[in-house]
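# here's a sequence, model it:
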Amino acid sequence: MEHVRACIVKKVIDLRAARKAAEQRKYRDMVLDAFDRLDHADKRTKREQAAEVRRKARNLF
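Okay, here's the model as predicted:
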């Protein structure tokens, strides 16, 4: 009986650890996705600024 109880307790602990690991992966993926979106927006802003500089330069000549 003790062996069965020990196996059940181990399985519960393993499930909790697996759930915690899944939550950590989900959080990590969410953070990485947010940084990717920020990086994408930053690159777009830089492209727009460069295009604006080129437009102004063309208008000078």
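# the helix or strand harbouring residue 53 packs against which elements?
Following DSSP states H and E, one finds residue 53 within helix 2-60. Using 3 or more Cβ pairs under 8 Å, 6 or more residues apart in numbering; DSSP states H and E, no helix or strand is in contact with helix 2-60. Using the backbone N, CA and C atoms, a C-beta is placed for each residue, glycine as well.
# now that helix: mean pLDDT?
In this model, helix 2-60 carries a mean pLDDT of 95.
# now it: how far from the chain's centre is it?
Taking Cα atoms, centre = their mean, to the nearest Å, one finds helix 2-60 lying 0 Å from the centre of the chain it belongs to.
# spatially central residue in this protein, please.
Geometric centre of the chain, nearest residue: residue 32, 2.3 Å, by Cα atoms, centre = their mean.
# gap between that residue and residue 43?
Relative to residue 43, residue 32 is positioned 16 Å away (Cβ to Cβ, to the nearest Å).
# what does residue 52 give?
Counting by Cβ to Cβ, the gap from residue 52 to residue 43 is 15 Å.
# ok, residue 1 next?
Counting by Cβ to Cβ - residue 1 and residue 43 are separated by 63 Å.
# ok, now residue 21?
Per Cβ to Cβ, residue 21 is found 33 Å from residue 43.
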